[in-house]
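A.B. asks: sequence first, then the predicted structure, then my questions.
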Amino acid sequence: MKSLDEIRNRIDEIDAQMRALFESRMDCIQAVAEYKFNNHGSIFDQDREEKMLQKNLIQLKNKNYTKEYERFLREILVSSKDYQKDWIQKKEKIKGGE
């Protein structure tokens, strides 16, 4: 049986990996925001979100985590939309001030 410290160390390693993946994902989200800004796209795409959720939930190996994983994904979507909205608003202010 692993000690609590060993388990927590493993969690710390996973958190570091997740942080790097989060930053990579947010780089992509910023690129999406830039594309939408330049092409007057909508921030919210319900069809895209539902497809992403279903695709990822189906691939979840441990179905005991379905509820928590869906909540995690939905929080990522909220965060992504908020970031896009803020990024686009900043760009519009800069563009409007020119």
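C.D. replies: Here it is on my side, so go on.
A.B. asks: next, find the distance separating Leu53 from Gly97.
C.D. replies: Distance, Leu53 to Gly97, by Cβ to Cβ, to the nearest Å: 38 Å. For glycine as for every other residue, the C-beta is placed from the backbone atoms N, C-alpha and C.
A.B. asks: neighbour count: those two, which is higher?
C.D. replies: Neighbours per residue, other Cβ atoms under 10 Å: of Leu53 and Gly97, the larger number sits with Leu53, 15 against 6.
A.B. asks: before we move on, which element is the more buried one in?
C.D. replies: helix 46-59 (DSSP states H and E).
A.B. asks: what packs against the strand or helix carrying Glu6?
C.D. replies: Following DSSP H and E, one finds Glu6 within helix 4-39. If contacts are counted by 3 or more Cβ pairs under 8 Å, 6 or more residues apart in numbering; DSSP states H and E, helix 4-39 sits against helix 66-96.
A.B. asks: before we move on, back to that, what's the angle from the helix holding Leu53 to helix 66-96?
C.D. replies: 150 degrees (axes from the mean of the first three to the mean of the last three Cα atoms, to 10 degrees).
A.B. asks: who's in contact with helix 46-59?
C.D. replies: For helix 46-59, the external contacting residues (Cβ atoms under 8 Å, 6 or more residues apart in numbering) are 66, 69-70, 73-74, 77.
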